[in-house]
Each structure stands twice: as C-alpha cells, then as structure tokens.
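Asker: Got a sequence here, can you model it:
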Amino acid sequence: MKTFRFLFAGLLALAVLATPLVAAAQTQEVEIIDPVDLSRFEEGGFVTMLVEFRNFTEGIDAGQVVVTEDGQPVTNMTVSSVRGGRVPVGIVLVIDTSGSMAGAPLAAAQDAARQFVSEKAAEDYVALVTFNDTAQVLSGFTQSKTELTNQIDGLESSGETALFDGVILGASLYAAAAASLKPNMIVLGDGDDTVSTGTLEQMLAAVAEKNIRAFGVALESPDFNPAPLSDLATSANGFFLSTPDPTQLTELYGQIQRELSNVVVVRFISSQYQVADVEFGVQYAGVTATKVIAVGGYPTTTAPTTTVPPTFVQAQPQPIRSRLPLPAGSLLLIATVAAGVTVALFLFILFGNKPADDPNSFGNRLQAYGRKVASEEGRRGLLARIPLLRRFTERAEEEVRKRGMFNAVNSALEKANIPLAPGEAIAASLGLAAVVGALFGLFNGSVIAGVLVFAVMVLLLVAGVNFIGGREKRRFENQLPDTLTLLSTSLRAGYSLLQAVEAVAAEAPQPTSREFGRSIAESRLGRPVVAALQGITDRMQSEDFAWAVMAIEIQREVGGNLAEVLQTVADTMLQRNRLRREIKALTAEGRISAVVLGLLPFAMALFLVVSNPDYLEPLITTTGGIIAIVVGGLLMIAGGFWLRKIVNIEV
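Answerer: Numbers count the residues shown, from 1 in each chain. Below is the predicted model of the structure:
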C-alpha cells in the first residue's frame, strides 16, 4: 500500500510538471467592442460590430453565435475572424532575457516566440521588446516574419529583471501606432522584478491607458513570484498561465494565439428602419453581452423577415470598394512624375530651346542677316522636330487662322516676349491643361471634374500670358520718357534717326532695348524706320509710344526740329506718369478694399468647408441654397465691376 502511494505521488508530480497551470481565474466573457460601424446603415440597415469572446480556449463555433436586436434574432448575419480581416491586430511580445533565463529556458522561449510569429496572420502587426537590466525595443510593429525571426534568434540572457519597465516600454509602442490597431500584449517572465525604475502601479496604468489586453506567461523558477504577471493579466482582461517545464511554453503561446482569434466581425441587416435607440445583444455558450446603440434609420417599404443562418468565413477580408483604379500611393507617384515631366517640358519649350546665342531665335536671325544661314534642321523648334506634335501644332495654327485669331494670339505672345509660334503655344497650353485635368479627374474619379480643371487651366494659362504681356507693357511705358530723351539728345548730337534708334537699342534697358533692336533689324531688311517703330507700337500696344511715332512721322513730312518735338513729348509723358502714380497712391485704399471684399466670401467658404462642412451643406443640396449661390455670384460680379470703375481713373 505504501509503495502504491509513492507511485501515485510520483505520477501526480510528473503530471504537474507536464501540464501548464492557469494561475488566474478564467471567467468566460463576451463583449461588443466600440465603435460599432453604422456607416452604411442608411443604405439598407447594414451593421458591423466587433465581438470579443474571452477565455474560450476551445475556439468559437460560429453556428452557435446568436445576435439579437431588441430581443429578436437578426437576419442575414455573417461571422468572420478579425484576424486577416478589416481590423488590424497589434501584438507586443515582451520577453524576459535576464540571467535566470540562460540555457534551456531562453531556448524554449525563442522556440515558442518563433512558432507564434510563424503562425500569425499576414495582416497582424507584431513588435518585440526584451528586458534584463533595462528594457529595449528590438523591433517596432511590423508584418515581416523574417525580421521578427532574426531578432528572436539573436536573443541572449544576462543581468537582472526589469519586468515593469519592459511592460511600460511595450505599452508605449501603441502611442505611435495606427489608431485602428487592436492592442494586445504577451509578457513572458520567470521571476520577480528586481531593478525596474517603474512600479507595479505604473505598469498597470500604462496598459490600462492604451486599453491593451495583456496575457501573462510565467516560467516557474526558484525566484518565481506570480503576483505581478497575474495582476497584469487580470486587470487587462487577459489570463495568466504558468508552467515549470520550458518545453510547454510553445503550447502556452498557442493557447493565447487561439484566444486572440476569438475576436470576430459580425455583419447583419438591422430591421430597425426608423431613428431609435436599439439594444443589440450577443449570446454564446450561455454568456450574453448587450449594448444600446442609436441608429439613424433607412428608407424601406417592408421589414426584412428572412433569417439566414450565420456562416463562418475564416481569415477572408471583406472587399473594400475604391474609386481609384490603383492604390493611392501608386497614383501619387505616377501623378508626381507626370506633372514633373509636363512642367519641365513646358518650361523647356518656353525658354530652354532659345538660348541667347541660338541663331534660330527671331531677333538673332534678323541681326545675323547677311551671314551664313543655319541649316533647316537647326531652324526647327522642339515641337517641330516631333512628327506627332508637329502635326498637332500645324493643325492648331490652321484652326486659329480660320477663326481670325492668329494675329491676336501672335500679338499676345510677342507682347509677353514668349518665343513660340501661335500653334506651338496652343499645343503646349492644351497639353499641359490636359495632363493636369486628367490627373485631377483620375484622383477624384470624375470626368466632369477633370473637364472643369482642364478649362480652368486653359483660362489660367491665357491669363498668365496676358499678365506677362501687361507687365512688359508697363515696363516699356515707364522707360518711355527716358527713351525719348535719349532719342532727342542723340539727334541734337548730330545722329540721324536710324543712328539714334541704334543708340537706344544699345543703351536702354529691357524690354526697350529688345524692341528697338528688332526695329533696327527690320529697317536693315528694307523696312522704313517709321514703319519699324510703328511695329513696336503694334507689338507693345502702347498708346504713348504711338503718339511719339505719330510726332516723328508728322515731322518727317512737314519738317521742323525733331529733337525738340521728342523732348516735348518726353516731358508730357513724364508728367502723365507722375500723375498716374499719384492717382495710384490715392486709390490704393479703394483697390485693396476691393480685393478684400472680393476674396472674403471665398475665404470664409473655404474656412467653413474645413472646420464645419455640414454648415454649408444646405447651400448645395437645396433649391434655395443654389439660388442663393447664383444670386450672390451675380451680385459679386456686379460689385467687382462697380469697384473697378471707382478706382480705375483714366489719365
């Protein structure tokens, strides 16, 4: 009998050594996790909720899950695992690498961690933290199994045990993680904390602050103290497992991994089609959880009555519809490269193929009259060298000629000093606008938006050319008094009119020097001097210079002192310019007021769109709002013309 007792005691001891012990009570619980997704409720009552089943070690049978709505079973329900689904799962592995783990315990811990990583879902994020004398992060959240395995292979044991610091450091990783990452933590230790700077209370607070579900795994040793890990698991809705046998660690990790898979996504159609507070409930294995949720209602004629048994879809992510044909990152890269190439090509067309010493530029070809003519290929511009673009530019130029717009386009380009033919300018503008419009439409998934952006880009390019031309005209007219004075003094010095014009071309700043240089080239080709000067008037569209040319032409017909006439015209223009500047200074307040009043409605609308979009929704969703926008726009246009008339004083 005594021998039997010893044999029974020995067998019992072996069973204890071979069986993991659960040191903390494992109460089975069901919880509906916030937030419940009602984003598609108005489309037909679709509800998506995340349900967590705690301490069901045998896994979840989807056929036994019952979801109720105000006490009645729901319809069209599906149950799928959260792992591999739309909700990303984050897991921090905190491993003890102190000196007491040396040898077989650390090797077993490495095997268990490697097995856990190899069996994780591809969509799970795992981070690795170790602690001995201090705590350190070996790997932040990553989906790479290779990276995690390499870090686990390099673990070495030494030093004391900073358990509290390791858990606090692991919890801090969730501060930089995505807000949608479901937080979990598995802590492995074999003894009591000895050197942490943090306390037990700080460790529990750090885990609670990030709403982390924590699991404790203990490898029993002579210094074993289950209290810290047990308290951590109990307070963080997890459970605590311990074993004296290192070879059982893999099984303990597997048990926790099965527990993490007990979080499911439940999708169903609600029968509540009116605005109300609805009590949703989940029942499983005699355990029930309820939550009251406010639903927004949806249009329907009949309430759904068909009940479809739930189906379990293991690790099958729900497809998410997207308006983009490619991922946003790929589209952003394509758009950036395309926009860069387009802008570079446009700038090269404008400025890159016309260097100062290029014999193909119009002014230099005229100045080089009589020299050896460049080859035909050399005279071609960039667009003319590409067959497809050449045909497009020729076609565009033909259409401009047919509609009688050739002279206007050419005049605008010459006034702005843009070295392009009308066809080339139209091709470049339409090409740039088409690329920008296509990219915008691609990103927004709307052809109408792309067309509108195309039209706006064309208008902006036309406005840009006109702005540059106006700036050149203002610079030319501001230099005109000095130009006429230089002509007058040159004539008094005994120069002929042609020599005086050459002096202006050599001495005057741009754009006067450029325009007078062109008139010199034209006169050398046989055009009369007065006609060449009249060409400057046509290009710059300057009324002031037109009067000066008229005075020169009259003097050449009737005679007189041209130097005195030009000096008189110069003095008159100088006084007019001074008067313009005085008027501009006096009307500055009115002009800035007009700008502020014109931009204020758009600035306020932009601010409200960013800060409170719902506030402006009635303006675009109701008939009265659309009428208000149209009337307001017309009044703004009328007010703009009125203010312009007030501040724009002709001199």
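
Asker: Quick check, pLDDT for F41.
Answerer: We note a pLDDT of 60 for F41 in this prediction.

Asker: again, but for Q136
Answerer: Predicted confidence (pLDDT) at Q136: the value is 90.

Asker: In a helix, it, correct?
Answerer: No. Read with DSSP: H, G, I helix; E, B strand; the rest coil, Q136 is strand and lies in no helix.

Asker: Now the host helix or strand of E424: buried residues?
Answerer: When secondary structure is defined by DSSP states H and E, E424 falls within helix 422-444. Neighbour-count burial for helix 422-444, with 16 or more other C-beta atoms under 10 Å as criterion, is recorded at 422-443. (Glycine included, C-beta is placed from N, CA and C.)

Asker: from the chain's centre, how far out does it sit?
Answerer: Mean C-alpha position of helix 422-444 versus that of the full chain (C-alpha atoms, centre = their mean, to the nearest Å) differs by 22 Å.

Asker: Which elements pack onto the next helix or strand after that helix?
Answerer: Per DSSP H and E, the first helix or strand lying C-terminal to helix 422-444 is helix 447-492. Using 3 or more C-beta pairs under 8 Å, 6 or more residues apart in numbering; DSSP states H and E as the contact definition, the elements that helix 447-492 packs against are helix 406-415, helix 422-444, helix 497-507, helix 512-524, helix 529-540, helix 543-558, helix 562-586.

Asker: how far off helix 562-586 does helix 447-492 point, in degrees?
Answerer: Note on geometry: by axes from the mean of the first three to the mean of the last three C-alpha atoms, to 10 degrees, helix 447-492 and helix 562-586 are set 140 degrees apart in direction.

Asker: So which of the helices and strands packed on helix 447-492 is nearest L229?
Answerer: L229 sits nearest to helix 422-444 of all the helices and strands packed on helix 447-492, at 50.6 Å, using C-beta to C-beta.

Asker: Mean confidence (pLDDT) on stretch 567-576, please.
Answerer: Confidence for stretch 567-576, expressed as mean pLDDT, is 84.

Asker: What residues of it count as buried?
Answerer: Buried positions in stretch 567-576, judged by neighbour count with 16+ other C-beta under 10 Å: Q567, V569, A570, M573.

Asker: In PDB, could you pull the C-alpha coordinates for it?
Answerer: Taking only C-alpha atoms (Å, rounded to 0.1, in the frame of the first residue of the first chain), the coordinates of stretch 567-576 have been written out as PDB:
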ATOM      1  CA  GLN A 567      11.700 116.300 -75.800                       C
ATOM      2  CA  THR A 568       8.300 117.900 -75.600                       C
ATOM      3  CA  VAL A 569       6.600 114.500 -75.900                       C
ATOM      4  CA  ALA A 570       9.000 113.100 -73.300                       C
ATOM      5  CA  ASP A 571       8.200 115.800 -70.800                       C
ATOM      6  CA  THR A 572       4.500 115.300 -71.400                       C
ATOM      7  CA  MET A 573       4.700 111.600 -70.800                       C
ATOM      8  CA  LEU A 574       6.900 112.100 -67.700                       C
ATOM      9  CA  GLN A 575       4.200 114.400 -66.200                       C
ATOM     10  CA  ARG A 576       1.500 111.900 -67.100                       C
END
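
Asker: Format the helices and strands packed on helix 447-492 as TSV; extra columns: distance to G633.
Answerer: Formatted as TSV, the helices and strands packed on helix 447-492 follow (distance: least, C-beta to C-beta, whole Å):
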stretch	distance to G633
helix 406-415	28
helix 422-444	22
helix 497-507	48
helix 512-524	41
helix 529-540	35
helix 543-558	34
helix 562-586	29
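
Asker: G286: which of those is closest?
Answerer: Proximity to G286, assessed across the helices and strands packed on helix 447-492 by C-beta to C-beta, is greatest for helix 422-444 (51.9 Å).

Asker: What is that closest one packed up against?
Answerer: Contacts defined by 3+ C-beta pairs under 8 Å, 6+ apart place helix 422-444 against helix 328-347, helix 387-402, helix 406-415, helix 447-492.

Asker: Mind splitting this protein into its structural domains?
Answerer: The record, using automatic domain parsing to delimit domains, assigns the chain the ranges 29-83+263-301, 85-260, 328-445, 471-518+536-585, 588-647.

Asker: Secondary structure class of V92, three-state.
Answerer: Local secondary structure at V92 is given as strand here, using three-state DSSP.

Asker: So which of the helices and strands packed on helix 447-492 is nearest V47?
Answerer: With distances scored as C-beta to C-beta, the stretch of the helices and strands packed on helix 447-492 nearest to V47 is helix 422-444 (29.7 Å).

Asker: Now for V30, how many residues are close by?
Answerer: V30 is surrounded by 21 other residues when neighbours are defined as other C-beta atoms under 10 Å.

Asker: follow-up on the earlier one: and of the domains of the chain, who's closest to L461?
Answerer: The stretch from the domains of the chain with the least distance to L461 (C-beta to C-beta) is domain 328-445; that distance is 4.5 Å.

Asker: quick check: mean pLDDT across the closest one?
Answerer: Regarding domain 328-445, the rounded mean pLDDT is 61.

Asker: same check, this time on stretch 160-178
Answerer: Summarised as a single mean, pLDDT over stretch 160-178 is 86.

Asker: Tell me the buried residues in that stretch?
Answerer: Within stretch 160-178, the residues that qualify as buried are 160-174, 177, counting by 16+ other C-beta under 10 Å.

Asker: Which two of these have the greatest separation?
Answerer: If you compare every pair in these using C-beta to C-beta, the most distant one turns out to be E160 and A177, at 29.0 Å.

Asker: Quick check, pLDDT for E58.
Answerer: Note for E58: predicted pLDDT of 66.

Asker: can you map out the strands along the stretch 51-200 of the chain?
Answerer: For the stretch 51-200 of the chain, the strands defined by DSSP state E, counting those that start in this stretch occupy 66-69, 72-73, 75-81, 89-96, 125-131, 135-142, 182-189.

Asker: Would you format the buried residues of stretch 567-576 as a markdown table with distance to V263 included?
Answerer: Compiled in a markdown table, these are given as follows (distance: C-beta to C-beta, whole Å):
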| residue | distance to V263 |
| --- | --- |
| Q567 | 93 |
| V569 | 89 |
| A570 | 87 |
| M573 | 83 |
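
Asker: Nearest to Q255, out of the residues you listed: which one, please.
Answerer: M573 (95.0 Å).

Asker: Disregarding flanking residues, what is the spatial nearest neighbour of the closest one?
Answerer: By the measure of C-beta to C-beta, 6 or more residues apart in numbering, the closest residue to M573 outside its immediate chain neighbours is P481, 4.9 Å from it.

Asker: And for D571?
Answerer: Sequence neighbours aside, P481 is the residue nearest to D571 in space, at 7.7 Å (criterion: C-beta to C-beta, 6+ apart).

Asker: and the one you found, how many residues sit next to it?
Answerer: Other residues close to P481 by other C-beta under 10 Å number 20.

Asker: Check the gap between it and S593 for me.
Answerer: Between P481 and S593 the distance, using C-beta to C-beta, to the nearest Å, works out to 31 Å.

Asker: With L643 instead?
Answerer: As defined by C-beta to C-beta, L643 lies at a distance of 8 Å from S593.

Asker: In terms of neighbours, single out the busier of those two.
Answerer: A direct count of neighbours by other C-beta under 10 Å for L643 and S593 places L643 higher, at 17 against 14.

Asker: Can you name the residues that contact the more buried one?
Answerer: With contacts defined as C-beta atoms under 8 Å, 6 or more residues apart in numbering, the neighbours of L643 are G590, S593, A594, L597, G598.
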